[in-house]
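J.: Could you look at this predicted model? Sequence included:
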Amino acid sequence: MNVAILGCGGMGRLHAQMATNCGLRISYCADAVRKAAKGLADDFGAKAVVDPMKAIEAKDTDIVVITTPTPSHETFVSAAAAAGKHIFCEKPFGRSSEECKRAIRAAEKAGVTLFVGHVVRYFQEFELMRERIQKGSIGKTGWVKLFRGGIFPGAPGSWFRDYKQSGGVTFDCMIHDLDWVRYVFGEPERIFCQTIMRTEPTQLDYSQVTMRMKSGVIATIINTWAAPSGFKVKAEICGSKGMIQFDSTETPLGAEPRQTGSGPTMFVPMSPVAVSPYQLEWQDFIATIGSGHTPRVTPLDALRAVEMAEAALKSNSSKEPVKF
Ligand SMILES: NC(=O)c1ccc[n+]([C@@H]2O[C@H](COP(=O)([O-])OP(=O)(O)OC[C@H]3O[C@@H](n4cnc5c(N)ncnc54)[C@H](O)[C@@H]3O)[C@@H](O)[C@H]2O)c1
């Protein structure tokens, strides 16, 4: 199958590689910035175009990958569906729940596969935590604390730095954790959110959510785009029989011996996971096309995640908890 990448920035490049690893061919790379389109197209032997519609409507496009800024997702999902193409859309699914609902309707009407990349569901460490919780290893879960943080993404002037477009760390980044908490602990009951979304004198964004799930589980989620020490993720999940802790900074690296030809054997640190979680989500997406397979994340899950992130931002504005 042939794949068209729309948006040739960070995620466009990553997904071009994942699709190629799955044996697919990158046929088009589309980006509003010609240099970005050409750079990726040259690396993958594809055609570069500035107008995404050309890539969507091309006869030899079977799959459309949407890795443009979030506010453009719905337009491209709807256009790809109308052209009868299968769709891989990055998270957040849309900038509003209304956009997501229209995108779902368009894909259903066209009968195409629509997949939204909530990749945290495919991270091996998160999956292991979910399995242990569901096996009852920590008894009845009472409290979940998640942290995800890094530096502010994008250069000055980037869409990430425009809170209206990206929704800031609460909408763009915390949506991963909101989705995972719902995936593991069920539907939310109410959410309270406080943020610092500063633009001057330097831009930083810090967000704290407290969420009560219908099951009674309380989740505290902190996300920040103001962590100068770099990207890290932490989890602490407390139950009646024990606790699970995860800290990405303490994840052990594997070591692979390398022969240097002469002299001592070198040990080279390797990623602790054999298969990228982004590869796993691609495998799940491809298995869904033209089959009855239900992927680990459905468009409805992605819509619910957007609704939760919207509710968080609403609570931040109103300074009141928001009920679902
Ligand atoms: N799942 C993850 O781990 C993860 C990580 C980062 C970003 N994302 C999501 O992926 C999406 C893309 O993020 P990114 O980091 O690749 O952004 P980016 O800014 O690096 O790349 C976006 C690209 O889209 C192009 N573009 C913008 N508007 C366009 C349009 N209308 N038509 C064609 N091209 C257009 C830009 O020129 C740019 O090259 C966002 O929705 C973001 O939230 C997901």
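T.: Arrived safely.
J.: The residue of the stretch 51-200 of the chain found nearest the ligand: neighbouring residues, count only.
T.: As assessed by Cβ to the nearest ligand atom, the ligand sits closest to residue 90 within the stretch 51-200 of the chain, at 3.5 Å. Every C-beta, even on glycine, is put in place using the N, C-alpha and C of the backbone. Using other Cβ atoms under 10 Å, the number of residues around residue 90 comes to 21.
J.: hang on, residue 207 packs against residue 191?
T.: No: counting by Cβ atoms under 8 Å, residue 191 is not a contact partner of residue 207; they are 11.6 Å apart.
J.: list residues touching both of these two?
T.: Listed as contacting both residue 207 and residue 191 by Cβ atoms under 8 Å, 6 or more residues apart in numbering are residue 312.
J.: The helix or strand hosting residue 182 close to the ligand?
T.: Assigned by DSSP states H and E, residue 182 belongs to helix 174-185. No: under the criterion of Cβ under 6 Å from any ligand atom, helix 174-185 makes no contact with the ligand; the nearest approach is 7.3 Å.
J.: One more: stretch 231-249?
T.: No: using Cβ under 6 Å from any ligand atom, stretch 231-249 stays clear of the ligand, with a minimum separation of 10.5 Å.
J.: chain center to that stretch, what's the gap?
T.: 20 Å (Cα atoms, centre = their mean, to the nearest Å).
J.: mind checking the end-to-end distance for that stretch?
T.: Counting by Cα to Cα, to the nearest Å, you get 9 Å between the two ends of stretch 231-249.
J.: List the buried residues for it?
T.: By 16 or more other Cβ atoms under 10 Å, the buried positions in stretch 231-249 come out as 232, 233, 234, 235, 237, 238, 239, 244, 246.
J.: and if you look at stretch 280-291?
T.: Buried residues in stretch 280-291 (16+ other Cβ under 10 Å): 280, 281, 282, 284, 285, 286, 288.
J.: tell me the mean pLDDT for it?
T.: For stretch 280-291, mean pLDDT is 96.
J.: Send over that stretch as CSV, restricted to the C-alpha atoms.
T.: Output in CSV follows, covering the C-alpha atoms of stretch 280-291 (Å, rounded to 0.1, in the frame of the first residue of the first chain):
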residue,chain,number,x,y,z
LEU,A,280,3.3,-1.2,17.5
GLU,A,281,0.5,1.4,16.9
TRP,A,282,1.2,1.1,13.1
GLN,A,283,0.9,-2.7,13.3
ASP,A,284,-2.4,-2.3,15.1
PHE,A,285,-3.6,0.3,12.5
ILE,A,286,-2.7,-1.9,9.5
ALA,A,287,-4.3,-5.0,11.1
THR,A,288,-7.5,-2.9,11.3
ILE,A,289,-7.7,-2.1,7.6
GLY,A,290,-10.3,-4.1,5.8
SER,A,291,-10.8,-6.5,8.8
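J.: thinking again about what came up before, surely the residue of the stretch 51-200 of the chain closest to the ligand and residue 67 touch.
T.: Yes: with contact defined as Cβ under 8 Å, residue 90 reaches residue 67; the gap is 5.1 Å.
J.: Between these two, which contacts overlap?
T.: 11, 15.
J.: now the helices for the stretch 51-200 of the chain?
T.: 52-57, 73-82, 97-110, 124-135, 163-166, 168-172, 174-185 (DSSP state H, counting those that start in this stretch).
J.: Check the stretch 201-324 of the chain too.
T.: 277-288, 299-318.
J.: right, so of those, which gets closest to residue 213?
T.: Judged by Cβ to Cβ, the one of the helices of the stretch 201-324 of the chain that comes nearest to residue 213 is helix 299-318, at 10.9 Å.
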